[in-house]
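> Dropping a prediction and its sequence here:
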Amino acid sequence: QHSKRRQDKSKATTAKPTKRTINCIRNFCSLSVDTKVSEQLLIIMKAQHLLVSAAVIAAQAPSLVGAFSSTSSLVGGAPAVGDSRRSRSRSISLHQSVDTQALSELEGLIADLMEVNGGPHHASPQVVLSPGRSEPSPLSMSEAASAHGMPWTDTIGRSDETNPLLYMPLWEWQLDFMKSSLTNLHPIECSTLNDLDVSYNENKEKRARIVNHCYASDEYRKIRMTYYDAGDSVQVFNSVWYPDPKYNLPVLGIDLLSFNRKKYLAIVDFQPLHEDEEDHAMTYEHILQPIKDKYDNLKGRMSSKFYDETQFFSKEMLFARFDDEKIVEEDLFPAFKSYVKTHLDLVKDTSPAASSKDVEHVLDRHTAYDTYSADRDPAAGLFAAMFGKEWSEDFIYDFLFSLSVRSEEGLDFSPPGPPRPRGVKPSAGGPPPQHAAPAAKDHSKKSMPVL
């Protein structure tokens with residue numbers, strides 16, 4: 001049956017070794033690719049795996065038996081395996097140089113052996129699991145990136161502009177950067193705890209739509225990307241990067257808005273988990289200051305209408321209200337890219353937590369951050385007007401800020417103004433103290449254990 005499948009293949013196997021070649025051999029033979037030597041691949045193979053490989057090759061493709069060259073030395077200078085029973089019992093690794101042409105032929109052989117139900121086997125991405133992580137999506141990266149027609153090239157609303165989707169270039173740059181820079185990047189589910197798919201919604205009558213992508217990597221437990229398009233009336237790009245909780249580091253928050261292509265609001269910040277910067281695994285404001293100093297147009301101050309800038313905002317936050325759209329291209333875009341790159345550098349330079357207690361503490365701070373942000377989301381009224389209050393409440397509490405704890409009073413959809421405190425009359429109280437994290441909700445349905 002295998003030989004018949006080989007004959008029925010319409011495309012010949014390429015002669016150029018690829019990553020797929022190495023992955024196929026690694027998966028089938030448990031090989032570890034060590035390094036490249038000239039134009040040959042140096043492979044470390046345990047003796048028993050070499051024998052299995054040889055048996056498969058001899059049985060299925062005898063012409064490949066000579067692909068493996070003779071071995072002149074063994075790892076660590078060990079003597080060649082002889083007839084000694086003692087030498088047979090040792091755990092020995094052999095260096096084998098493999099001819100690249102034979103390797104590519106072997107790719108096709110092993111790929112066929114791994115076929116399931118007539119299709120190729122796709123190994124699941126290796127995911128570093130920690131508390132707070134969502135289930136991986138069955139979509140591939142390319143499928144997820146192009147979901148719902150993204151990146152869009154035209155607006156659903158009305159526009160007189162040649163670039164109606166003002167922030168789409170930033171979306172595209174961020175996604176490309178994630179693909180090229182993050183480890184084991186993969187899409188995760190865009191749904192609420194009630195399995196409501198919130199990856200896309202639209203109001204055709206009002207000509208507005210919203211799309212959401214979610215990704216995770218070894219470095220980040222969740223990267224959410226949201227784009228709201230209503231033509232020239234409103235353009236919004238929002239993204240939040242949550243480091244894996246083994247890293248006690250700030251959350252990267254991005255919120256860019258345009259209203260009638262006349263008024264613009266921008267926030268990009270390393271949003272602290274703790275009141276004192278020194279309580280994080282690494283300090284970071286001194287790294288951001290030289291970037292911020294380059295852009296005078298991004299040195300504004302936040303009002304207290306929705307947020308208290310002393311909670312979950314750093315002193316080096318990029319904040320701007322402006323009327324000149326040129327600032328988006330000339331200042332905001334380069335500053336945004338610098339902050340994104342710097343945040344990833346910070347994560348990579350940080351040692352992970354050594355205890356599960358430390359990981360849980362960071363996740364508690366993520367919960368506090370999400371709860372604070374959900375209660376004060378200034379877009380709640382807009383979402384409710386476009387997509388309904390019930391959808392908007394689930395969307396904000398269970399997706400945008402998925403670790404948040406719902407207020408018993410629900411979201412405040414009243415017109416813009418100071419946020420309504422929890423459990424008290426609107427005239428009393430204030431935002432919860434940052435050190436008092438709300439009790440975490442049960443995420444057993446969507447979260448996974450630490451490894």
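Looks like it came in fine. Residues are numbered from 1 along each chain as shown.

> From here on, just use CA atoms for contacts and neighbour counts.
Fine.

> could you show me where the helices are in the stretch 301-450 of the chain, in order?
326-327, 333-348, 356-375, 380-387, 389-395 (DSSP state H, counting those that start in this stretch).

> Please identify the most buried of these.
Comparing the helices of the stretch 301-450 of the chain by mean neighbour count (mean count of other Cα atoms under 10 Å), helix 356-375 comes out on top with a mean of 22.

> Report the backbone C-alpha coordinates of it in CSV.
Output of helix 356-375 as CSV, limited to C-alpha atoms (Å, rounded to 0.1, in the frame of the first residue of the first chain):
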residue,chain,number,x,y,z
SER,A,356,4.7,28.0,41.7
LYS,A,357,3.9,30.5,44.4
ASP,A,358,5.6,33.3,42.5
VAL,A,359,3.8,32.3,39.3
GLU,A,360,0.4,32.3,41.1
HIS,A,361,1.2,35.7,42.6
VAL,A,362,1.8,37.2,39.1
LEU,A,363,-1.4,35.6,37.8
ASP,A,364,-3.3,37.2,40.7
ARG,A,365,-1.9,40.6,39.5
HIS,A,366,-3.1,39.8,36.0
THR,A,367,-6.5,39.1,37.5
ALA,A,368,-6.4,42.5,39.3
TYR,A,369,-5.3,44.2,36.1
ASP,A,370,-8.1,42.6,34.0
THR,A,371,-10.7,43.4,36.6
TYR,A,372,-9.7,47.0,36.9
SER,A,373,-9.6,47.4,33.1
ALA,A,374,-12.9,45.6,32.5
ASP,A,375,-14.8,47.8,35.0
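
> That helix vs helix 380-387, what angle?
For helix 356-375 against helix 380-387, the angle by axes from the mean of the first three to the mean of the last three Cα atoms, to 10 degrees is 70 degrees.

> before we move on, the earlier item: dump the helices of the stretch 301-450 of the chain into a markdown table; add distance to Glu161 as well.
Putting the helices of the stretch 301-450 of the chain into a markdown table (distance: least, Cα to Cα, whole Å) gives the following:
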| stretch | distance to Glu161 |
| --- | --- |
| helix 326-327 | 14 |
| helix 333-348 | 19 |
| helix 356-375 | 32 |
| helix 380-387 | 23 |
| helix 389-395 | 29 |
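
> right, and these - which one's nearest Glu202?
Minimum separation from Glu202 across the helices of the stretch 301-450 of the chain (Cα to Cα) falls at helix 380-387, 7.4 Å.

> what packs against the closest one?
Secondary-structure packing of helix 380-387 (3 or more Cα pairs under 8 Å, 6 or more residues apart in numbering; DSSP states H and E): strand 200-203, helix 389-395.

> contacts for the longest one?
Read it as helix 389-395. Outside helix 389-395, the residues that touch it by Cα atoms under 8 Å, 6 or more residues apart in numbering are 192, 198, 380, 383-384, 410-411.

> Comparing the helices and strands packed on helix 380-387, which yields the minimum mean pLDDT?
Note on the helices and strands packed on helix 380-387: helix 389-395 shows the lowest mean pLDDT, a mean of 92.

> Most widely separated two among the contacts of helix 389-395?
Val198 and Gly410 (19.0 Å).

> between the two, which one's more packed in?
Using other Cα atoms under 10 Å, the more surrounded residue of Val198 and Gly410 is Val198, with 21 against 11.

> what's the residue nearest to the more buried one when sequence neighbours are not counted in contact with, if anything?
Nearest residue to Val198 in three dimensions, chain neighbours excluded: Ser191, at 5.4 Å (Cα to Cα, 6 or more residues apart in numbering). Ser191 makes contacts with 197-199, 398-399, as judged by Cα under 8 Å, 6+ apart.

> where's the residue nearest to Val234 when sequence neighbours are not counted relative to Glu189, distance?
Closest residue in space to Val234, ignoring its immediate chain neighbours: Phe259 at 4.8 Å, by Cα to Cα, 6+ apart. Going from Phe259 to Glu189 by Cα to Cα, to the nearest Å gives 30 Å.

> So those two - more neighbours on which side?
Glu189 (21 against 16).

> Can you give me the neighbour number for the spatially closest residue to that one that is not a sequence neighbour?
Leaving aside its sequence neighbours, Glu189 sits nearest to Ser137 (Cα to Cα, 6+ apart; 4.9 Å). Burial of Ser137 is recorded as 15 neighbouring residues (other Cα under 10 Å).

> and if you look at Ala353?
With other Cα under 10 Å as criterion, Ala353 counts 15.

> Skipping adjacent residues, who's closest to it in space?
Nearest to Ala353 is Lys246, by Cα to Cα, 6+ apart, at 4.9 Å.

> any weak-confidence spans in the stretch 251-400 of the chain?
303-312 (pLDDT under 70).

> could you redo the last one with a cut-off of 80?
301-312 (pLDDT under 80).

> Which positions within the one helix or strand Pro290 maps to qualify as buried?
Element membership of Pro290, judged by DSSP states H and E, is helix 285-292. For helix 285-292, burial by neighbour count (16 or more other Cα atoms under 10 Å) applies to 288, 291-292.

> Go through the contacts of helix 389-395 and name the one nearest Thr155.
Phe383 (18.0 Å).

> which residues touch that closest one?
389, 392.

> Could you measure from it over to Cys214?
Distance, Phe383 to Cys214, by Cα to Cα: 19 Å.

> For the nearest residue to Met178 once chain neighbours are set aside, list the residues it contacts.
Spatial nearest neighbour of Met178, excluding adjacent residues (Cα to Cα, 6+ apart): Leu185 at 7.5 Å. Applying Cα under 8 Å, 6+ apart to Leu185 gives the contacts 141, 178-179, 215-218.

> Quick check: the gap between Leu185 and Tyr264.
Distance from Leu185 to Tyr264, by Cα to Cα: 32 Å.

> And for Val340?
20 Å.

> same thing with Val362?
Per Cα to Cα, Val362 is found 33 Å from Tyr264.

> re earlier: okay but the residue nearest to Glu189 is in contact with Ser199, surely?
No - with contact defined as Cα atoms under 8 Å, Ser137 does not count as touching Ser199 (11.8 Å).
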